[in-house]
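**Q** Below are the sequence and a predicted model; questions follow.
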Amino acid sequence: MINLSKKGMLLANEVVKLVIALIGISLLIYLLFSIYYTSSQDQKLNEAKDTIGRMKDIISRINSGAVSNEKITDISPPSWYLFSFIGTEKKPNSCAGVNCLCICDKVIYDNTLWFKNRQLNECDSSGVCVVVKNLNKFNEFEINDPSDGGTNVQISKVGSNIGVKKIWV
């Protein structure tokens, strides 16, 4: 039988309490960051929905012939991207076989090694898309923060199609 001194038992009890306290504090910090991140993402998604709604209204006016082009200023959310998915290229599920315009966060390492269709999945799960049957292809571009001058977009009729481009004011 091993005879442990009371000091050794006291030290072991204190270490166990300290480890449990550290685990509890770590879980609390994780929970707080998770709540903040979710709230931030929800806000960005709502901003993207508002921007897509404004773009959809402009596209409807252009398709009806009311105007031939129109500018939309200060689109949001900053650091997200505007994408076009047209023709036979792979598209988010929300676009299912038709041309569409999407605002979503850009992923890195898309279609490299084992990362396949990450951008499509990101636009599907955390982005907003609108169907534009007569959309012209454009290069994706980042939405800038208003403190960096913001991002302005011109939507115009190009032949029978809709063109979207980033403009500098």
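**A** It's in.
**Q** What residues sit buried inside stretch 94-107?
**A** Along stretch 94-107, these residues count as buried under the neighbour rule (16 or more other Cβ atoms under 10 Å): 94-95, 99-105, 107. From N, CA and C alone the C-beta is placed, and that goes for glycine too.
**Q** Between those, which has the least confident prediction?
**A** Confidence by pLDDT is poorest for residue 107 among the buried residues of stretch 94-107, given 78.
**Q** What strand or helix carries it?
**A** For residue 107, there is no enclosing helix or strand under DSSP states H and E.
**Q** distance of the residue lying closest to it once chain neighbours are set aside from residue 132?
**A** Closest residue to residue 107 apart from its sequence neighbours, by Cβ to Cβ, 6 or more residues apart in numbering: residue 118 at 4.5 Å. In this structure, residue 118 and residue 132 are separated by 23 Å, where distance is defined by Cβ to Cβ, to the nearest Å.
**Q** Those two: which has the busier surroundings?
**A** More neighbours sit around residue 132 than around the other of residue 118 and residue 132, counting by other Cβ atoms under 10 Å; the figures are 24 against 15.
**Q** how about the strands in this protein?
**A** For the chain, the strands identified by DSSP state E occupy 69-72, 81-85, 100-104, 128-131, 141-142, 152-158, 161-167, in order along the chain.
**Q** what sits up against the second one?
**A** Read it as strand 81-85. Residues outside strand 81-85 that contact it (Cβ atoms under 8 Å, 6 or more residues apart in numbering) are 75, 91-92, 95, 99-106, 119, 123, 129, 135-138, 140-143, 153, 164, 166.
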